[in-house]
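Colleague: give the three-dimensional model of this entry:
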Amino acid sequence: MSKNSVILVVSDTHCPYHHPDLISFLKTIKKKYKPDRVIHIGDEVDSHAISFHDSDPDLYSAGDEHKQSLPTIHAMEKLFPVMDLMDSNHGSLVYRRQKASGLPRAAMKSYNEFLEVGLGWKWHDDLLITMSNGQQVYFCHGKSANVLKVAQQYGCPTVQGHYHSSCSIQYWGNPNNLNWGMQVGCLIDAKSLAFEYCKTQKSRPIIGCGIIIDGLPKLLPMVLNKGGRWNKVCP
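Modeller: Numbers count the residues shown, from 1 in each chain. Predicted structure coming up:
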């Protein structure tokens, strides 16, 4: 297998407000596709309690939210001990709060220490990777609701998350290459109070993730039953 032949993109998990079938879904995806690289597109945790927006008083406190997130974070690390993660608006909240409070960086733990994961997990502002077909692909958490626009601006295939109700692949071409943009959806529990703001919107979160196989993108939706649970069919 060539390097970066199968790149799995894990979408916004927002622990501890993740979908209850998150780990079993990812285990099945790993078994079926055997990715040789895994990228978490960001918002691995939600940090709702320390958001700069209003927080719901009926959800966890900041300390409890962190404690409740760790078992799922550790389960993901067991599945994927080596993973690249994108810097994101929710994932960076603890450091944004530190800066807003006037605390120096030296007062803070590293993100690996904070989430109690090994050095196999590495965070990036964004990432440019050469795929097995020789083409480069750009990864970021989310820079525009129009992923095709981002791909055209960067001049190469692009993958992003952040926009929970968007899950798509769009192609564009130039005289040199066939390029594309992939929007990977999310892996949240849409019923959680953390996402109550979505209830007034017509669009709803699309649960799933994405994968790139020999340079070609594919969406992996988590198809749910009427109760909102995964129907166990592997895409």
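Colleague: which stretches of this structure form helices?
Modeller: Assigned by DSSP state H, the chain shows helices spanning 22-33, 62-79, 93-100, 111-115, 147-154.
Colleague: let me know the average pLDDT across the second one.
Modeller: Spelled out, that is helix 62-79. The pLDDT scores in helix 62-79 average 96.
Colleague: what about it, distance to the chain center?
Modeller: A distance of 15 Å separates the centroid of the chain from that of helix 62-79, by Cα atoms, centre = their mean, to the nearest Å.
Colleague: ok, the residue of the chain positioned farthest from its centre - contacts?
Modeller: The C-alpha centroid of the chain is most remote from residue 175, which lies 31.9 Å away (Cα atoms, centre = their mean). For residue 175, no contacting residues are found, by Cβ atoms under 8 Å, 6 or more residues apart in numbering. Where you see a C-beta, it was placed from the backbone N, CA and C, and this is true even at glycine.
Colleague: can you pull the pLDDT of it?
Modeller: For residue 175, the predicted pLDDT is 84.
Colleague: so which bits of the worst-scoring helix or strand of the chain on mean pLDDT are buried?
Modeller: Lowest by mean pLDDT, DSSP states H and E among the helices and strands of the chain is helix 93-100, with a mean of 87. Using 16 or more other Cβ atoms under 10 Å as the test for burial, helix 93-100 gives 93-94, 97.
Colleague: now the closest residue in space to residue 8 that isn't next to it in sequence: how far from residue 205?
Modeller: Leaving aside its sequence neighbours, residue 8 sits nearest to residue 35 (Cβ to Cβ, 6 or more residues apart in numbering; 3.8 Å). Residue 35 is 23 Å from residue 205, where distance means Cβ to Cβ, to the nearest Å.
Colleague: with residue 165 instead?
Modeller: To residue 205, residue 165 is 6 Å away according to Cβ to Cβ.
Colleague: pretty sure residue 188 is in contact with residue 19, am I right?
Modeller: Yes - judged on Cβ atoms under 8 Å, residue 188 makes contact with residue 19 at a distance of 6.1 Å.
Colleague: many thanks, I have nothing further to ask.
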